[in-house]
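> Quick check, what structure comes out for this input:
(2 chains)
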Amino acid sequence: MDTNQYLEVFIDESTEHLQSCNENLLALEQNPHDLSIVNEIFRNAHTLKGMSATMGFEDLADLTHKMENVLDAIRNEKIEVSPEILDVVFESIDHLEAMIGDISEGGDGKRNVVETVEKLKRIENGEAINGTNEKALVDDITETIKISATSLNYDDFERTIIEQSHEQGFETYEIAISLRDDCLLKAARVFMVFEVLEKNGDVIKSVPAVEQLEAEQFDTDFSIAFVTKEDITVVEKLLGKVSEVEKVVIQKLNSEVTHEVESLVVASTAKSVEVEVPVQTTTKAVPDSTAKQVEKPTKTAHATSKTIRVNIERLDILMNLFEELVIDRGRLQSIAAELNHNELNESVERMSRVSSDLQNIILNMRMVPVETVFNRFPKMVRQLSRDLNKKVKLDIIGAETELDRTVIDEIGDPLVHLIRNSLDHGVESPEIRLAAGKPEEGHVELRAYHSGNHVFIEIEDDGAGINKERVLSKALEKGVVTPEIASKLTDNQINELILASGFSTAEVLSDISGRGVGLDVVKSTIESLGGNITIESEEGKGSLFSVQLPLTLSIISVMLIEIEQETYAIPLSSIIETSIIRKSDIMNAHNQKVIDFRGKVVPLVFLEEIFEVPRNDNEEDDFHSIVIVRKGDKMAGLVVDSFIGQQEIVLKSLGNYLTNVFAISGATILGNGQVALIIDCNSLIK
Amino acid sequence: MTENVTMDVEVMKVIVFQLGDKEYALPVEQVQGIEKMMHITRVPRTAYYVKGVINLRGVVTPIIDLRDRFGVTTTVSNENTRIIIISEEDMEVGFIVDAANDVMDIAKETIEPQPEVVGSLEEEFISGVANIGNRLLILLNLEKVLSTLK
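Next up, the predicted model:
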């Protein structure tokens, strides 16, 4: 079977299902007795199994099947949920993720999982006691309900409706509908059933209530009271045609019920007591799900938001074309200004407004919630805290905050590092925490929020905080700072020393963090994204790592400068300031020309030499225009001919042919349609 | 392909362009378009034959001067000068040529391997020559033209 065309969808969906499994497993660990969560996981696993079998990934299907068995056993209360069992399930999911990863890289998704399979089997068999009986029992119950729950409990209002419709010649029926056990789209089936019914009459009541039905908060059965003038056998046939409906039982409602109520109050109460019994059983059977699926509605709401998958390349193409439009718009505007034609002016102006709206929309399309990065952290924290023998609770706030796709792709690793750092060096072991009068369980909060043109991602822990003396002495020892500078540092500057390269304070290097490379890599990654990172910390109370990121990487603010005829762009994020200096201010240190800039010796970089700009005239100027740029703590002064101004530009790559051009990080297209190169200041500063 | 001596006439559509006094050909499938000369932004510190980049409808595209690349005596750009945009694997590159003359069908059997000429600079970039009437078309080996530049 040719399944290639579905491969991408398969990979995307499986990843989603696994992610959902992960989340639910974590939730299950918090509420081990909530079987609705198990059901949710089971459903995910089941779908995954089906999909992978269809796609021909037998190993994947096989492992999922084994995992499903365990879940089924939990679901049927054959085995109790315990951290050990969950460990194994997590392990299987790790394997599954690895398989999917392999498949997405073109592999066949094969993997040696014997050990895990063995464990799953042991769990499955180890406690298999009387599960089958129980299952039969459950079936029994539902069976009896199907028969007995024919009468629904009506309130006065509903009775009146029934009565009135009787008078107008309508008949009332009670319809009990059972969906198939393996029905996946219960809400959809319910909807179809209601649609059929509402075309032929009116639904006056349903048990469970419509909202619950729509939220799939029922097992497989539901009952409906229905008034109609139509022939009920027609309705029955129609209902039978709705797919995945297993059984439809229709009973004509005795008008006596209502009559009795009308005449004899006492009798009616008696009657209602009588009908209440089966109704109770219905609620009990419909069951467990209603009571326990408290969190369900939010989830289904999530699933219903309509999305389509679009290849990011297509968005890039759209963006490119749109930029062309913007350039033409610029030309049109200047032509219109020249001609001074009223109608032309008006339509050009309208076009400008529409196109800027369009630009916003196109940019927004590239935005992805940080959730896609955050959602792997709960599992990571769980695993880490078990490895470290610490108790840690992770709270995630603002996972819906949106960031450009390109930033999202880059931000994952630095965040992993920071969280590991918090768990490893921040949060103390339970004993120390208790001794310090803190709750045994450490608390790490991951927050994301928008502020202005930036997104902030913060990681706050209530751990030990940063020991400033230790950091300072270590920094001195490693030569990260000189004693003179050290004495002038503010608290926050001391904290930030831990981000310097060649710095690691943990006495015992652990597997988790402290491998020498570490936070300095985090810092440089974040800075290369045009963001920055700050640390606040109070010893004994905890630390806050705050990462500030630009909303998008595809649009950056730059300063345009000119050298001879050529225009270059320097990212504003690396510019400290611009200044104009006299030639006589330039000093020579060995072979390097330097200037004294606010008390610091800053080397000068003559861009025209670096970029070998062809000079037409050798006119000497007494003044130099200088852009002071920085890379970390180091600075350099770029000598240019003149400043053009600040501008928002769209970042573009030079393509696959020109890679690794020295000191050029990309290009952009200027308003006049020409290409300007973007200077990579990092490679100009040594 | 060059040893193809079968009788059935397989034809190949090529774009013919001029460099100096010679005519070259590229399979039409590899040509994305032919553009007039436009502003080229110089990219510093690249190979001498890389003239820079252009804005090709929103895509920044590198430009190679084939005249420099093949050591053909450089003629000054005039109104006949064209940029041929080609694509090879995942790269899009523009070639500056003296003129883009026409599109031709050439029978594959007329393509012969490059005659051994010792010391010819362009030898390595050539996949064959085709003799059509009194015109000699030099077929370029795009992969070579681009890969040796990397």
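> drop to CA atoms for contacts and neighbour counts, all remaining ones
Noted.
> Going along the chain, name the strands of chain B.
Assigned by DSSP state E, chain B shows strands spanning B:11-19, B:22-27, B:31-36, B:50-56, B:59-65, B:82-88, B:91-97, B:99-107, B:111-112, B:126-132, B:135-140.
> quick one: the fourth one to strand B:31-36, angle?
Our comparison of strand B:50-56 with strand B:31-36, counting by axes from the mean of the first three to the mean of the last three C-alpha atoms, to 10 degrees, yields an angle of 90 degrees.
> Please apply the same query to the last one.
With the same axes, to 10 degrees as the criterion, the two stretches strand B:135-140 and strand B:31-36 enclose an angle of 110 degrees.
> Please name every helix or strand in contact with strand B:135-140.
strand B:22-27, strand B:126-132 (3 or more C-alpha pairs under 8 Å, 6 or more residues apart in numbering or on different chains; DSSP states H and E).
> The same query, at a cut-off of 10 Å, please.
strand B:11-19, strand B:22-27, strand B:111-112, strand B:126-132 (3 or more C-alpha pairs under 10 Å, 6 or more residues apart in numbering or on different chains; DSSP states H and E).
> could those be laid out in CSV, adding mean pLDDT and mean neighbour count?
Below are these laid out as CSV (pLDDT from 0 to 100; neighbours: other C-alpha atoms under 10 Å in any protein chain shown):
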stretch, mean pLDDT, mean neighbour count
strand B:11-19, 89, 19
strand B:22-27, 89, 20
strand B:111-112, 82, 20
strand B:126-132, 83, 17
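> and B:Asp90, which of those is closest to it?
Of all the helices and strands packed on strand B:135-140, it is strand B:22-27 that lies closest to B:Asp90, at 16.8 Å by C-alpha to C-alpha.
> In the sheet, which strands lie alongside the closest one, parallel or antiparallel?
If you go by DSSP bridges, strand B:22-27 pairs up with strand B:11-19 (antiparallel), strand B:135-140 (parallel).
> quick one: average confidence on stretch A:318-325?
The pLDDT scores in stretch A:318-325 average 81.
> Please work out which residues outside that stretch touch it.
A:312-317, A:326, A:328-331, A:355, A:358-359, A:362-363, A:554, A:650, A:652, A:669-671, A:673, B:55-60 (C-alpha atoms under 10 Å, 6 or more residues apart in numbering or on different chains).
> Please pick the buried ones from those residues.
A:316, A:326, A:329-330, A:355, A:359, A:362-363, A:554, A:650, A:652, A:669-671, A:673, B:55-56, B:58-60 (16 or more other C-alpha atoms under 10 Å in any protein chain shown).
> out of these, which are inside helices?
Mapping the buried ones among the contacts of stretch A:318-325 onto helices (DSSP state H) picks out A:Asp316, A:Val326, A:Arg329, A:Gly330, A:Ser355, A:Gln359, A:Ile362, A:Leu363.
> and the closest residue in space to A:Ile628 that isn't next to it in sequence, what element?
Leaving aside its sequence neighbours, A:Ile628 sits nearest to A:Gly637 (C-alpha to C-alpha, 6 or more residues apart in numbering or on different chains; 4.4 Å). If you go by DSSP states H and E, A:Gly637 is part of strand A:634-640.
> Looking at the strands paired with strand B:22-27, spot the one closest to A:Lys237.
With C-alpha to C-alpha as the measure, strand B:11-19 is the member of these nearest A:Lys237 (64.2 Å).
> what's the longest helix along chain B in contact with?
If you go by DSSP H, chain B has its longest helix at helix B:142-147. Residues from elsewhere that reach helix B:142-147 (C-alpha under 10 Å, 6+ apart): A:657, B:26-27, B:30, B:64, B:66, B:69-70, B:86-89, B:91, B:93, B:122, B:124-127, B:149.
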